[in-house]
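Student: Fold the following for me, if possible:
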Amino acid sequence: MKIDAAPRILAVAVTCAVILIGFVANEGAARANGQEVLMPVEGTDPRDLLSGHYVQLAFNQRLDPDEHCPAPQNGDWAALRSRGDIYVVVGGAGSRAEAEQVGPVLVKARYTCSPPSPPTGNDAPGAPGNVHLDLSIDRFYVSQAEAQRIEAALAAQRNDASRRVLAIVSVGRDGIARLKGLVIDNQRLELNWL
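Tutor: Okay, here's the model as predicted:
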């Protein structure tokens, strides 16, 4: 028995739609069920003139001159620990089991560190350092009004070294970080894709 082309095409289209819906629902469930952590972020220009309004984020943790870099990473797992209301990188490891020895929240990520410069004896306070965490989350789409609001908060944060913008990240049991939203001036902005 030969099936006409139209029903075959329709069957393939329905199958693809079901797979896509399943993927989106699975990611939504993973985002909702993961451990929620707040992380410091810095921004870049949130406007992409050709494709809409994106907010580009860099997960950077500031190190004061008296702080030290985490040990150099030797694998694909980073360990995070709570410091006040945010989570910071405390080390890395080659396996999940090794990373559990370093910190309580484990994420598949890479980090690099630029150490702070210590204070000099001439009343110079020293320069801060930076830990950059690559979570494979770099940008997301928002409306123009939200993008401009986020841009203003990120620019103000850059000028006064405050933490006006924090990322809400969901870390799943699989170790994958998924962006849930932002906290901007103590107001929560949820990114609802569904």
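Student: Three-state assignment for Asn60, please.
Tutor: strand (DSSP: H, G, I helix; E, B strand; the rest coil).
Student: so what's the closest residue to it other than its chain neighbours up against?
Tutor: With sequence-adjacent residues excluded and distances taken as CB to CB, 6 or more residues apart in numbering, Asn60 is closest to Glu42, at 4.9 Å. For every residue, glycine as well, the C-beta is placed using N, CA and C. Contact analysis of Glu42 by CB atoms under 8 Å, 6 or more residues apart in numbering lists Leu57, Ala58, Asn60, Leu154, Gln157, Arg158.
Student: Quick check on the first one: phi, psi?
Tutor: Put plainly, it is Leu57. Here the main-chain torsion angles of Leu57 (degrees, to the nearest 10) amount to phi -120, psi 150.
Student: pLDDT score assigned to Val142?
Tutor: Turning to Val142, the model gives it a pLDDT of 77.
Student: these two touch, right, it and Val55?
Tutor: Yes. Applying CB atoms under 8 Å as the test, Val142 and Val55 come out as touching, 5.9 Å apart.
Student: any shared contact partners between the two?
Tutor: Ile150.
Student: Looking at the two, which one has more neighbours?
Tutor: Shown here are Val142 and Val55; by other CB atoms under 10 Å, Val55 has more neighbours (26 against 19).
Student: Specify the beta-bridge partners of the more buried one.
Tutor: Per DSSP bridges, the residues bridged to Val55 are Phe140.
Student: contacting residues for it?
Tutor: Gly43, Pro46, Arg139, Phe140, Val142, Ala147, Ile150, Glu151, Leu182.
Student: Now do it against Glu151, distance only.
Tutor: 8 Å (CB to CB, to the nearest Å).
Student: same thing with Ala177?
Tutor: 23 Å.
Student: quick one: which of the two has more around it?
Tutor: Set Ala177 next to Glu151 and count neighbours by other CB under 10 Å: Ala177 wins out with 26 against 17.
Student: so what's the more buried one up against?
Tutor: Val107, Lys108, Ala109, Leu135, Ser136, Ile137, Val169, Ser170, Val171.
Student: Now it. Nearest residue, chain neighbours left out?
Tutor: Leu135 (4.2 Å).
Student: That neighbour is in contact with Tyr87, isn't it?
Tutor: No. Counting by CB under 8 Å, Leu135 sits too far from Tyr87 to count as a contact (11.5 Å).
Student: Comparing those two, which residue is more hemmed in?
Tutor: Neighbour count, other CB under 10 Å: between Leu135 and Tyr87, Tyr87 has more, with 26 against 21.
Student: so where's the chain uncertain?
Tutor: 1, 44-53, 123, 158-162, 193-194 (pLDDT under 70).
Student: How is it partitioned into domains?
Tutor: Domains of the chain are assigned by automatic domain parsing as 1-33, 35-190.
Student: where do the helices sit along the chain?
Tutor: 5-33, 96-100, 144-160 (DSSP state H).
Student: and Pro119, which of these is closest to it?
Tutor: helix 144-160 (21.1 Å; CB to CB).
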